[in-house]
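*Asks:* what follows is a predicted protein model with its sequence.
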Amino acid sequence: MIVVSFWSLCFSVLAADNGQEAAYPVGVSILKDMQEAPSTDSSERERKFEELFRSAGASDGQIRRLVVPEPLDKSRYLWRTRKALEAMQLNKSELQAILLGEESRFRDLGYNMEVTLPGRTDRTIVVATSLDAPGKQRTGIVDNWSACVLMSRVYMALKNRPLEHTVVFLGFAAEEQGCVGSDAYVSELSEEELARVDAMVLLECVGMAPPSIWAQMSHKGFQFVTCHAAKKSGLKIEKRWFLDQGGVVSDLMPFRAAGVPTLCLDGLDLSRSSILHTAEETVDVLSPEALQLTHRVLLDTLRMVDQFQRPLEEAQVISKWGEVEPEQAVTVKYRLYGPDGPEQVESKPKSKSKDGGKRSPPSSEKPAPTKAPRSGARQPAGGRPKERENGARFAPPNPAGADSSSGSNPPPDS
């Protein structure tokens, strides 16, 4: 009887696994690749990222390692940190230990990993995530190795399809140090290269829950496209609006500041967000259904965006596919920093305009102001990185207690 029960259990588990694989083949396949996730070491993650895309069919000429130069505002940041620590009246050994730790944040920044899928034209769509996962207690599975694996599957799905745009897949280094990698990437694009970037999608923490749109990080026209893409998968997509996201930085911000339409596709289960940056961030928290939905929504979004060029206005999307109906999207407001973590504030479906859904095109919507980048091509690995004129756009925050009005002046950004 015990033997029969044991084998019955085994067959039940196998049947459940086979059922999942039949229902969510892409999601299950991604989870299998996740079993061999790299450590948090930057060089190992870069190597595994390259292996993922080679397995997906990328050639040597399509893969590049791009040097991430040390941000020029490092000296200013360390000066402010020293001033703050001196104000705390720490002893000399404590002061030196903390400063050494802060300085180490800027060592071994790693490389930005770039994989290019050529299209019919040189106009570009960027799909990106962060590659780094510093810290002894971290695994970097959800934040953001799952996105790296998913991007390689999107590359595989697109490589034999005709595309107008060239699609560039990026794994950014040093996101945790203040988006140093993404800032360096955008800063080192020439004006001509930057003008050819029509859209940028950032993947964050995919696979815990169905994909959602981080509304404040996403261009309105891009949101409309993704709502229509989600409808194809039968998904009522959530548009998350965080009321207290002021301190949050993201790898899409340098693109957004340069006037590129951006979309943040987020897959975090906010009820379990406390696992991020801990040893509990394992493959077990990922869902094959959520991964497959994210893969499908991202693919459909890219195919639809491939039909547009900047500025990707909502009026363009409405004229092609119509309004976003209430059953297609729901806007949910959250507080990121509630007493027990993120908490929902209110929820409402997107309502039609008063003229019966026949919305007239916005007359004065302007793209985000463009910050003029410096000229010059990116440097391949091993080349000498060019000096940057303006330093990092997103410097680490001032340490608590830093006195910006101190009598002495900070060192110059050089």
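*Replies:* Perfect, thanks for sending it.
*Asks:* what are the boundaries of the strands in this protein?
*Replies:* Counting by DSSP state E, the chain has strands at residues 63-67, 111-117, 124-130, 166-172, 197-204, 212-214, 237-242, 262-266, 329-338, 341-349.
*Asks:* adding mean pLDDT, write those out as TSV.
*Replies:* As requested, the strands of the chain are arranged in TSV below (pLDDT from 0 to 100):
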stretch	mean pLDDT
strand 63-67	92
strand 111-117	95
strand 124-130	96
strand 166-172	97
strand 197-204	96
strand 212-214	94
strand 237-242	90
strand 262-266	95
strand 329-338	83
strand 341-349	71
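*Asks:* could you dump the ones you listed to JSON lines with distance to residue 32 and mean neighbour count?
*Replies:* C-beta coordinates here come from the backbone N, C-alpha and C atoms, glycine included. JSON lines is the format used below for the strands of the chain (distance: least, C-beta to C-beta, whole Å; neighbours: other C-beta atoms under 10 Å):
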{"stretch": "strand 63-67", "distance to residue 32": "23", "mean neighbour count": "19"}
{"stretch": "strand 111-117", "distance to residue 32": "21", "mean neighbour count": "23"}
{"stretch": "strand 124-130", "distance to residue 32": "19", "mean neighbour count": "25"}
{"stretch": "strand 166-172", "distance to residue 32": "20", "mean neighbour count": "25"}
{"stretch": "strand 197-204", "distance to residue 32": "19", "mean neighbour count": "25"}
{"stretch": "strand 212-214", "distance to residue 32": "25", "mean neighbour count": "24"}
{"stretch": "strand 237-242", "distance to residue 32": "27", "mean neighbour count": "21"}
{"stretch": "strand 262-266", "distance to residue 32": "22", "mean neighbour count": "25"}
{"stretch": "strand 329-338", "distance to residue 32": "32", "mean neighbour count": "17"}
{"stretch": "strand 341-349", "distance to residue 32": "30", "mean neighbour count": "13"}
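*Asks:* ok, which of those strands comes nearest residue 308?
*Replies:* Closest approach to residue 308 among the strands of the chain (C-beta to C-beta): strand 197-204, 6.8 Å.
*Asks:* and residue 204, what are its bridge partners?
*Replies:* residue 266 (DSSP bridges).
*Asks:* how near is it to residue 43?
*Replies:* 23 Å (C-beta to C-beta, to the nearest Å).
*Asks:* again with residue 286
*Replies:* Distance from residue 286 to residue 43, by C-beta to C-beta: 25 Å.
*Asks:* what about the stretch 151-300 of the chain, any weak spots by pLDDT?
*Replies:* Counting by pLDDT under 70, the stretch 151-300 of the chain has low-confidence residues at 244-248.
*Asks:* if you set the cut-off to 50 instead, what comes out?
*Replies:* Within the stretch 151-300 of the chain, not a single segment meets pLDDT under 50.
*Asks:* quick one, helices of the chain?
*Replies:* Using DSSP state H, the helices of the chain run over 2-23, 25-34, 42-55, 74-87, 92-104, 146-158, 180-187, 191-195, 220-232, 253-257, 288-305, 314-321.
*Asks:* so which of these comes closest to residue 270?
*Replies:* For the helices of the chain, the distance to residue 270 is smallest for helix 288-305, at 13.4 Å, taking C-beta to C-beta.
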